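Participant: I would like to see how this sequence folds:
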Amino acid sequence: MKKNIAIIMGGYSSEYEISLKSGNVVYQHLDANKYNAYRIHIFKNKWVYVDDNDTEFAIDKNDFSVTIASNKITFDCIFNAIHGSPGEDGFMQGYFKLLNLPHTSCDMYQASITFNKRDCLSILKPYGILTAESYYLNLGDTVKEDDIIEKVGLPCFVKANKAGSSFGISKVHKKEDLQQAITHAFKEDDEIIIESFLDGTEVSVGVITYKGITKVLPITEIVSENDFFDYEAKYLGKSQEITPARLTVEQEQKVNTIAKKVYEVLKMKGFSRSEYIFKNGEPHLLEVNTVPGLTDASILPQQAQIAGISMAELFSNAIEEALK
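Facilitator: Okay, the predicted model is just below:
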């Protein structure tokens, strides 16, 4: 008997459009012989099932069901394709835990930790995971520009702490541009993190649970046409993504080992994609994404295909792991 799969997409953050694209790609590639797939849009003002005619049916939040022509449909598993809140920060994971519904992403605690860049880096540092120098600011704090520059130097990156990796980020080259970057980041979040610039090769590493084991996918090297790997570079073709990355055997072994360690230390499940920059030959962790992009152009699906895992198999495996 075919399983009913709810593909949740959209979300409350600036990344909702990318999430809709990811969710639709999952919908297109799920094996119709094994699954009945349902596209579920999650927005602040509505949770709805959207059929192939774009007709909307309200989701009953009491049990995450939908009723169509007097027929109540419940779901065997949730495929999480929401980038940002509430799909990547733990809220949906907690909701599904209460309903005892399996889902393809990590658990609530892991989602909450990894979505908070400060907390994630703080947990991993004692395990020997190298990171950039950082300085934290909360909304309302006095901005001491000289103290910031003394700690992290110039150029530096100003990022929203809990807003994914595409919005609220600026690279600052001059002291006089620092305040504007801070204001920009505070539009996305009430906490920000300011990090030193690491000058080196940037790579993206996908790690998944595949057939019951932790699997590190082929590494992608990021070469941005812009000043850094920003929204345009990620989603509008302003970057070169080279898979497998042009690394030495030693570099590849190091980042593979660290990416697997991060995944296992955090007790992750499902998909993850972490970003690293090599400084003095050592990979430094930037962040961990637990609901990475899943479009045809996204990094993790490209890595999976090079590893011999098709889109259909990648998505099917995630569901089967969640159902175990």
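Participant: which residue of the protein sits farthest from its center?
Facilitator: Ranking residues of the chain by C-alpha distance from their mean position (C-alpha atoms, centre = their mean) puts Ser70 at the top, at 36.9 Å.
Participant: Next one: that one from Phe57, what distance?
Facilitator: From Ser70 over to Phe57 the distance is 12 Å, taken as C-beta to C-beta, to the nearest Å. Every C-beta, even on glycine, is put in place using the N, C-alpha and C of the backbone.
Participant: ditto for Gly10
Facilitator: Note on Gly10: its distance to Phe57, by C-beta to C-beta, is 15 Å.
Participant: neighbour count winner among the two?
Facilitator: Set Gly10 next to Phe57 and count neighbours by other C-beta atoms under 10 Å: Gly10 wins out with 27 against 16.
Participant: Is that one in contact with Lys44, as I believe?
Facilitator: No. Gly10 sits out of contact with Lys44 when judged by C-beta atoms under 8 Å, with a separation of 9.5 Å.
Participant: can I assume Tyr38 is in contact with Asp76?
Facilitator: No. Between Tyr38 and Asp76 there is no contact under C-beta under 8 Å: 10.9 Å.
Participant: Disregarding flanking residues, what is the spatial nearest neighbour of the residue nearest the centre of the chain?
Facilitator: Central residue of the chain (C-alpha atoms, centre = their mean): Asn289, 2.9 Å from the mean position. Of all residues not flanking Asn289 in the chain, Arg273 sits nearest, at 4.7 Å (C-beta to C-beta, 6 or more residues apart in numbering).
Participant: Can you name the residues that contact the one you found?
Facilitator: Residues in contact with Arg273, defined by C-beta atoms under 8 Å, 6 or more residues apart in numbering, are Ser204, Val205, Gly206, Val207, Val288, Asn289, Pro292, Ile299, Leu300.
Participant: cool, and Glu202?
Facilitator: Glu221, Ile222, Ser224, Phe229, Glu275, Tyr276, Ile277, Phe278.
Participant: can you give me the helices for the stretch 1-150 of the chain?
Facilitator: According to DSSP state H, counting those that start in this stretch, the stretch 1-150 of the chain carries its helices in the segments 16-29, 91-99, 108-115, 117-124, 145-152.
Participant: Let me fix that, I meant to ask about the stretch 151-300 of the chain.
Facilitator: 178-186, 231-235, 249-265, 299-306.
Participant: returning to that earlier point: dump the contacts of Arg273 to CSV, plus pLDDT.
Facilitator: Shown next, in CSV, are the contacts of Arg273 (pLDDT from 0 to 100):
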residue, pLDDT
Ser204, 97
Val205, 98
Gly206, 98
Val207, 98
Val288, 95
Asn289, 95
Pro292, 95
Ile299, 94
Leu300, 96
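Participant: Could you list which of those residues belong to strands?
Facilitator: If you go by DSSP state E, those have Ser204, Val205, Gly206, Val207, Val288, Asn289 in strands.
Participant: May I see the ChimeraX selection of the buried members of those residues?
Facilitator: Provided next is the ChimeraX selection string for whichever of these are buried by 16 or more other C-beta atoms under 10 Å:
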select :204,205,206,207,288,289
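Participant: any chance of the ones in strands among the contacts of Arg273 in CSV, plus distance to Cys120?
Facilitator: Formatted as CSV, the ones in strands among the contacts of Arg273 follow (distance: C-beta to C-beta, whole Å):
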residue, distance to Cys120
Ser204, 16
Val205, 15
Gly206, 17
Val207, 14
Val288, 6
Asn289, 11
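Participant: Among the ones in strands among the contacts of Arg273, find me the one that's closest to Ile82.
Facilitator: Asn289 (12.1 Å; C-beta to C-beta).
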